[in-house]
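Visitor: I would like the atomic coordinates for the input below:
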Amino acid sequence: MIKLLQKRYTALADDSIYLKKESGKYYIYQTPLIEKESWLIKTNKRYVFGGIFFLKKSKNFSSMKLSKEICFEKLSNQLLTSKNKAKKNLQLLLHFITTADNYHILYFRKNERELQKYINKLV
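Guide: From the prediction side, this is the model:
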């Protein structure tokens with residue numbers, strides 16, 4: 001997905017990001033970790049959280065809005081944490097999910113031009 005959109009949009013990461021709450025809003029930061037893709041440019045800049053899209057390859061382009069409950073379920077299944085921090089992390093995730101409402105599944109196929117058109121409609 002990053003490679004298909006890199007001509008039009010700046011990639012922030014290919015694996016993980018930091019999500020931080022500041023003054024009642026959530027912001028995304030890049031991690032200091034080395035990315036799989038060496039061309040990703042690291043900065044200290046913060047980006048306002050806009051939403052979460054779970055990506056699924058498909059024959060057609062479409063998106064489906066998710067409920068907060070389904071989004072929470074999908075994200076909590078992906079938490080990589082120790083047992084000692086699991087309860088606290090789930091509480092933080094629940095708070096985060098309930099403060100926003102922009103969660104989708106994005107179905108896409110590998111066609112750069114069509115993907116850019118579809119993303120432009122969503123943005």
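Visitor: can you confirm S63 is in a strand?
Guide: Yes - residue state for S63 (DSSP: H, G, I helix; E, B strand; the rest coil) corresponds to a strand.
Visitor: longest helix in this protein, by number of residues?
Guide: helix 83-99 (DSSP state H).
Visitor: do a quick rundown of the strands in this structure.
Guide: 17-22, 25-30, 47-48, 52-57, 62-65, 103-108 (DSSP state E).
Visitor: now those strands in a markdown table, with mean pLDDT, distance to Y118 and mean neighbour count?
Guide: For glycine as for every other residue, the C-beta is placed from the backbone atoms N, C-alpha and C. Formatted as a markdown table, those follow (pLDDT from 0 to 100; distance: least, C-beta to C-beta, whole Å; neighbours: other C-beta atoms under 10 Å):
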| stretch | mean pLDDT | distance to Y118 | mean neighbour count |
| --- | --- | --- | --- |
| strand 17-22 | 84 | 23 | 12 |
| strand 25-30 | 87 | 22 | 16 |
| strand 47-48 | 88 | 21 | 11 |
| strand 52-57 | 87 | 11 | 14 |
| strand 62-65 | 89 | 8 | 13 |
| strand 103-108 | 88 | 7 | 19 |
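Visitor: what's the closest of those strands to M1?
Guide: strand 52-57 (5.8 Å; C-beta to C-beta).
Visitor: who does the closest one pair up with?
Guide: strand 103-108 (parallel) (DSSP bridges).
Visitor: which outside residues touch the strand it pairs with?
Guide: Residues outside strand 103-108 that contact it (C-beta atoms under 8 Å, 6 or more residues apart in numbering) are 1, 51-58, 60-68, 70-71, 97, 115, 118, 122.
Visitor: contact partners of stretch 21-40?
Guide: Here stretch 21-40 has contacts from 2, 11-20, 42-49, 96, 99-100, using C-beta under 8 Å, 6+ apart.
Visitor: the residue positioned nearest the centre of the chain bridge partners, please.
Guide: Ranked by distance to the mean C-alpha position of the chain (C-alpha atoms, centre = their mean), the top residue is I52 at 4.5 Å. In this entry, I52 is beta-bridged to Y103, by DSSP bridges.
Visitor: could you do K21 as well?
Guide: Y26.
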